[in-house]
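*Asks:* Attaching a predicted model along with its sequence, questions to come.
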Amino acid sequence: MRPLADHCNPRDSIFDKARRDTVLDLTDLVQDRIDPQPFFRENHITEGMRILLREGFRRLEGKTTQGVFKLTQQMGGGKTHNLLALGLLAKHPEYRRSVMETFYTPAEIGPVRVVAFSGRESDAPLGLWGSIAEQLGKKEHFADYYAPLAAPGQTAWVNLLKGDPLVIMLDELPPYFEYAKSKTIGNSDLSVVTATALSNLLVAIGKDELSNVCLVISDLTASYASGSQQIVQALNELDKETGRTAMSLEPVRMNTDEFYQILRKRLFDKLPESEQIAEVAQAYAKSIRDARQMDVTNVSPEQFAARINESYPFHPAIRDLYARFKENPGFQQTRGLIRLMRIVASRLWETDAAKQTYLISAHDLDLNDRETLSEINQINNSLENAVSHDIASAGQSVAEILDTNLGGTDAQDVMKLLLVASLSNVPGGTKGLTLPEIVANLCAPGRDISKLKNEILNRLVTTAWYLHSGRDGRLFLKNVQNLVARLRTTVESYLHDQSLRELRDRLSEQFTPEHGWCYQKVQALPAVDEINIPQDKTVLVIATPHPNGLNPDLQTLYTNIDFKNRVGFLTGQRSADALLNAAKELKAIRHIIDELKAEGTPDNDPQLVQARDLLDRIQNQFGSALRETFSTLYYPSSQRLMSADFPMEFNANKYDGEDQIIRTLKGKMKYTEDVTGDTFVKKVEQRLFTQKVMPWSEIKRRAATNPAWQWHRPDALDKLKDDCVHKDIWRENGGYVEKGPFPKPATQVKLQELSRNDDTGQVKLRATPVNGDTIYVEVGAPATPASHKLSGRDYETDELEVSFLAVDSTGEHETGEPVTWKNRITLQSRVYDAGGEKMIELRAAPPVPIRYTTDGSDPKVSGGTYDDVFVVPEGTRIVLMVAEDKGVVSEVLQVPVNWDKPLEEKPIDKTQPATWHPTSGFSFSTTRTAYGFIERLRRRDAKAAVTRMAVLNNQWVDLNLADDVLLDPDQIQATIEQLRSLLTEGEVSIEAAALWFPTGQQLLDYVRDIAVELPRDEVEP
């Protein structure tokens, strides 16, 4: 496949700057200053021009009644060019057949008169009609209309124009009307008179006498929307008049293939055959297909190839991008595009770029060429700063520098393409391109699209100052600095100390020990005299890179410190300038995001979205600079500081510095996770715990000072000590630790109290031998192997003191000391009334001597010996009692005595039945107390409302009754016996809600039997 330079021959005219700027008008036609041959050689007959020429000559030949033609198009859209084509063929019949042979065969009518008026001739002294008359050599025909200027009527026009075929051309009238408004004529002005003259001319053209007269007039209002209201109104009225009689023609249809045909005709005199064009089209289609496979565009390769066949040698996107700015105020549509493409094509051939490319594309702008830049500024001059900073500035722009660094022209091509897509300055105009559109426009044989997407665009977004992103994802250029520029300004405002502080913060953030397993403290870029190495923490010092690796001052520091095994150095040999700059950018973009949020910017705002994207990119750049700057880790070893390559690995823009330090040191056997088990114990005993007995603090100090000792979790040594002490591998005493082996321990006895009866003092013990298998028991003296041998493990006693001895029958463990167990003494008391006196009963369990006082003095010192129930001296408020025997002393029990007389109560009627129902009921939980209860009921002829009777053991029998069922003693006993027949072993239990007595006297006798006080409110009646 051959490039443009081999396939296409540009016309010499495109290299002639004088011809590029030449703009022909009707005056050149009238004065015969136009050479028809080069004019038609570079002229493409558009559909509009074809109709104009065919219908115009049919009118001149008298074959049609259509005599007025109106050309409608924006300024520079080809109207004047069409007028010139018709005028040249009218004046020069020798060119008619060669130009028109494909669509019309003109009659032999010879040269045709041509008169023309351009509105730029504002100084016509005789008015528009006088200029026409003068060109026809009939100036005197309108003598009556010159002084003062007056509009000729229909007849006057007919008389002036009739005769031989005639072409009348009227172009660019709005400027003339603007001028004519300033010329006062009577009570009106020249613009009104001119409009009247033209209206009369249009009517005259329809007369039979003028059937061979053709009038071509350009659109009166399409290119003229400014000016006074009077002028606009006059033009509108005239336009309405032509609308009734004229055929409207569009000289050039810019949205069709005519766009490319005009350019091809004007710029080239030779183009390749269709087969060669198809070869180029297929090469571009392949590039599009590759991009689709990368999922960066959705353009159809087949359709793209078909479009190239239509547009060659121009890229098919040129027409669509041109449509963006063709409506810009002041832009001369067809004329302006032709001039721009002449400049672009000439630069391609002059710079030999045409030898490396296959199509003329929208981005083929040499913006370092003054003529090209001037042409772009005429289209939209608001983007001049964007061009100079971001696109083209003699090698110093953002895109040029990027291309220098990466090679190629991709960055400049992207920015020039976006420039063309951003030239529109009309309200609501489309600006910019999406990523798929950018890719589709730049796909070309030999271009690496993956580089375009992954490197070029990403870097441009973070470096260009005038590149913006819309809500729809379009990238476009704007004459306002973007976030990148704002970022750069913010970065440049930071002082060196601020930047260094930010870098320290970021480094500390990246390497903060979350777990603290390997190191526990970070010092980022400290001065040497600021470094502090404690015994109990390992410090990671992130040091400023040095050409020799480790800064000699740090080596000296390491040599002089005590705790050599508590420091590591992360550093490198490359300058930290790039990292420092990345830290500044990171600080700046975070500050900008905070400002945007503070300003209330919505989360989906393009600027905030772009800022977050920029943050991600800058974080990537920071990570890359971090990786390149800090590449070596120095750690202590038995001989010296050793170095290890430190590869920083980022995962999804996240970096865990602590984890990578651990992994690096594990690979060098400096860090270990094996801190449990026999291997670690042996390692500690061999290298740190080297004596039989050592202070634990010294062992830990050795771990901090011995550089050969591996790093591990900071609590590993303490946990190891606790575990070894627990397993009796080591023993700890007063801060000292002793390591085994130790003599086997002597036997001992572990005692556990299973239960105790506080009424009797009977205790059930469980004796467990430790380091032995036999237990001996002795009461009243220390146990020996000659004492009673315990057959099981449980032992019951109510003695106050019992001795136990464990013996190892195998003889492996020596016999330890006997263990003495001591019982405790519990005290109980009961105060009750008897015959008008206060009686008190005291009891100790186990039964031991009791001493008491009634005057509040200490019973241990001055207490009397308790023998039996006694009368409490009147006025005594408290009785103190204590029990003691064989060195076991009970607690002092305080028994309050209440002498207050009860409120006057209704006395119990001793002759009437009475029911006693205490709030807590009655409960008897042993066989002895249950049968005692039955006997007391029988003695007083009482009945009981029994609610429950049971026999309880490991198995049990239980009977529940309603609380209003009264049973006499015989019934209760019979029921109990029945239950016991079901379960022969067990304690009898009885619960009752109330007791019933035949008389009140029998109730009082019952109360006296049990020696308790009887609350009156518990008795009915």
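*Replies:* Thanks, I have it.

*Asks:* For residue 461, give its distance to residue 98.
*Replies:* 55 Å (Cβ to Cβ, to the nearest Å). Placement of C-beta: from N, CA and C, glycine included.

*Asks:* And these two? Which one has more around it.
*Replies:* Under the criterion of other Cβ atoms under 10 Å, the comparison of residue 461 against residue 98 puts residue 461 first, with 19 against 10.

*Asks:* for the stretch 251-400 of the chain, what are the low-confidence residue spans?
*Replies:* Scanning the stretch 251-400 of the chain for pLDDT under 70 picks out the ranges 254-255, 330, 332-333.

*Asks:* Please repeat the previous calculation with a cut-off of 90.
*Replies:* 251-266, 269, 294-298, 318-341, 375, 378-379 (pLDDT under 90).

*Asks:* which residues in it form strands?
*Replies:* 268-270 (DSSP state E, counting those that start in this stretch).

*Asks:* The top helix by length along the chain - contacts with which helices or strands?
*Replies:* Secondary structure of the chain per DSSP state H: the longest helix is helix 606-629. Applying 3 or more Cβ pairs under 8 Å, 6 or more residues apart in numbering; DSSP states H and E, one finds that helix 606-629 contacts helix 457-463, strand 467-469, helix 483-493, helix 496-511, helix 577-598.

*Asks:* Neighbouring strands of the shortest one in the sheet, and parallel or not?
*Replies:* Strand pairing for strand 467-469, determined by DSSP bridges: strand 475-477 (antiparallel).

*Asks:* Nearest to residue 213, out of the helices and strands packed on helix 606-629?
*Replies:* strand 467-469 (56.5 Å; Cβ to Cβ).

*Asks:* related to what we said a few turns ago, most tightly packed of the helices and strands packed on helix 606-629?
*Replies:* strand 467-469 (a mean of 24; mean count of other Cβ atoms under 10 Å).

*Asks:* Between the helices and strands packed on helix 606-629, which one is closest to residue 968.
*Replies:* helix 496-511 (90.5 Å).

*Asks:* Alpha carbons of the helix or strand following the longest helix of the chain, in CSV - could you do that?
*Replies:* Moving toward the C-terminus from helix 606-629, the first helix or strand encountered (DSSP states H and E) is strand 632-636. The C-alpha trace of strand 632-636 is given here as CSV (Å, rounded to 0.1, in the frame of the first residue of the first chain):
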residue,chain,number,x,y,z
THR,A,632,16.8,-1.2,48.9
LEU,A,633,16.1,-2.4,52.4
TYR,A,634,19.0,-2.6,54.9
TYR,A,635,18.6,-4.9,57.9
PRO,A,636,20.9,-6.0,60.8
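
*Asks:* Next, the buried residues of strand 632-636.
*Replies:* Neighbour counts over strand 632-636 (16 or more other Cβ atoms under 10 Å) mark 632, 633, 634, 635, 636 as buried.

*Asks:* gap between stretch 249-257 and the chain center?
*Replies:* Computed by Cα atoms, centre = their mean, to the nearest Å, the chain-centroid distance of stretch 249-257 equals 51 Å.

*Asks:* and what of stretch 117-125?
*Replies:* Relative to its parent chain, stretch 117-125 has a centroid offset of 68 Å by Cα atoms, centre = their mean.

*Asks:* Heading C-terminal from the worst-scoring helix or strand of the chain on mean pLDDT, find the next helix or strand.
*Replies:* Ranked by mean pLDDT, DSSP states H and E, the weakest helix or strand in the chain is helix 229-245, scoring a mean of 55. Heading C-terminal from helix 229-245, the first helix or strand you meet, by DSSP H and E, is strand 246-249.

*Asks:* Pull the residues that contact that next one.
*Replies:* Strand 246-249 is contacted from outside by 48, 51-52, 55, 66, 68-72, 82, 202, 217, using Cβ atoms under 8 Å, 6 or more residues apart in numbering.

*Asks:* With adjacent residues omitted, what lies nearest to the residue nearest the centre of the chain?
*Replies:* By Cα atoms, centre = their mean, the chain has its centre lying nearest to residue 612, at 8.3 Å. Excluding the flanking residues, the one nearest residue 612 by Cβ to Cβ, 6 or more residues apart in numbering is residue 593, at 6.9 Å.

*Asks:* quick one: contacts for the one you found?
*Replies:* Shown in contact with residue 593 (Cβ under 8 Å, 6+ apart): 608, 611, 612, 615.

*Asks:* roughly how far apart are residue 608 and residue 615?
*Replies:* 10 Å.

*Asks:* And for residue 632?
*Replies:* 29 Å.

*Asks:* Also residue 288?
*Replies:* For residue 288 relative to residue 615 (Cβ to Cβ), the value is 34 Å.

*Asks:* Can you pick out the residue with more neighbours from the two?
*Replies:* Using other Cβ under 10 Å, the more surrounded residue of residue 288 and residue 615 is residue 288, with 23 against 17.

*Asks:* distance between the helix or strand hosting residue 832 and the chain's centre?
*Replies:* Counting by DSSP H and E, the element that carries residue 832 is strand 826-834. Centroid displacement of strand 826-834 relative to its chain, using Cα atoms, centre = their mean, is 79 Å.

*Asks:* From the rest of the structure, what touches that strand?
*Replies:* Taking Cβ under 8 Å, 6+ apart as the rule, strand 826-834 contacts 758-759, 761, 838-845, 850, 872, 879, 881-883, 890-891, 893, 895, 897-898, 1008, 1011-1013.

*Asks:* so where is the stretch 851-1000 of the chain shaky, pLDDT-wise?
*Replies:* Applying pLDDT under 90 to the stretch 851-1000 of the chain picks out residues 874-875, 886-887, 897-908, 919-921, 925-928, 952-956, 963-964, 981-987.

*Asks:* Assign the residue located most distally from the centre of the chain to helix, strand or coil.
*Replies:* Within the chain, residue 911 marks the point farthest from the mean C-alpha position, 95.2 Å out by Cα atoms, centre = their mean. Following DSSP: H, G, I helix; E, B strand; the rest coil, residue 911 is assigned to coil.

*Asks:* Pretty sure it sits against residue 1000.
*Replies:* Yes - the pair residue 911 and residue 1000 passes the contact test of Cβ atoms under 8 Å, sitting 6.8 Å apart.

*Asks:* rewinding a little: so which of the contacts of strand 246-249 are in helices?
*Replies:* Reading helices off the contacts of strand 246-249 with DSSP H, I get 48, 51, 52, 55, 82, 202.

*Asks:* So which of those wins on neighbours?
*Replies:* In terms of neighbours by other Cβ under 10 Å, the ones in helices among the contacts of strand 246-249 top out with residue 82 at 30 neighbours.

*Asks:* Contact partners for it?
*Replies:* Contacts for residue 82 (Cβ under 8 Å, 6+ apart) come out as 48, 49, 52, 71, 216, 249, 251.

*Asks:* Out of the contacts of strand 826-834, which end up buried?
*Replies:* Among the contacts of strand 826-834, the ones that count as buried by 16+ other Cβ under 10 Å are 761, 838, 840, 842, 844-845, 850, 872, 879, 881-883, 890, 893, 895, 897.

*Asks:* for these, which one is nearest residue 989?
*Replies:* Closest approach to residue 989 among these (Cβ to Cβ): residue 845, at 21.0 Å.
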